[in-house]
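J.: Provide a 3D model corresponding to the input given below.
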Amino acid sequence: QVQLAESGGGLVQAGGPLRLSCAASGRTGSSYAMGWFRQAPGKERETVAAISWGGGRIYYADSVKGRFTISRDNAKNTLYLQMNSLKPEDTGVYYCAAKRYYTDPAYDYWGQGTQVTVSS
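T.: Have a look, this model is predicted:
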């Protein structure tokens, strides 16, 4: 089992930055691919970014390319999402998740989420 805990959410003005963190605990001796997701009110959850264990494979949703950067520090068991030039449409609950392999279709472990609100 892997437990995930997000932090760093909050209220930010449009155009500003915010950095999310996701701390992993539990069975972190195995390698996991990880991702960030978000869900806005009344909308389905969407993938924001994903990263392989070694960082060699990275995915970004088109809506965040050039603005968000996903990274990880495996020594600290922590995943990050640096969000710049935030827009009101970036508002939502952000979740981190982990899966055994980058190519697996589904994520196995999820955090509780952290709220990000971008004011115009």
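J.: hey, where'd the strands end up in this structure?
T.: 2-7, 10-13, 18-26, 33-39, 46-51, 58-60, 68-73, 78-83, 92-99, 109-110, 114-119 (DSSP state E).
J.: pipe those into CSV and attach mean neighbour count and mean pLDDT per row.
T.: For glycine as for every other residue, the C-beta is placed from the backbone atoms N, C-alpha and C. Converted to CSV, these look like this (neighbours: other C-beta atoms under 10 Å; pLDDT from 0 to 100):
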stretch, mean neighbour count, mean pLDDT
strand 2-7, 18, 96
strand 10-13, 12, 98
strand 18-26, 18, 95
strand 33-39, 22, 97
strand 46-51, 19, 97
strand 58-60, 15, 97
strand 68-73, 17, 97
strand 78-83, 21, 97
strand 92-99, 22, 97
strand 109-110, 17, 96
strand 114-119, 17, 98
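J.: nearest spatial neighbour of W53, skipping sequence neighbours?
T.: Ranked by C-beta to C-beta, 6 or more residues apart in numbering and with sequence neighbours excluded, the top spatial neighbour of W53 is S31, at 3.9 Å.
J.: wait, that neighbour sits on R72?
T.: No. S31 is beyond contact range of R72, at 10.8 Å (criterion: C-beta atoms under 8 Å).
J.: just give the nearest non-adjacent residue to the residue nearest in space to the middle of the chain, would you?
T.: By C-alpha atoms, centre = their mean, the mean C-alpha position of the chain lies nearest to W36, the distance being 2.4 Å. Spatial nearest neighbour of W36, excluding adjacent residues (C-beta to C-beta, 6+ apart): V48 at 4.3 Å.
J.: over to E6?
T.: Using C-beta to C-beta, 6+ apart, the nearest residue to E6 is T114, at 4.1 Å.
J.: how about T28?
T.: Spatially, and ignoring its direct neighbours in sequence, T28 is nearest to N77 (4.7 Å; C-beta to C-beta, 6+ apart).
J.: can you pull the contacts of that neighbour?
T.: For N77, the contacting residues are 23-25, 28, by C-beta atoms under 8 Å, 6 or more residues apart in numbering.
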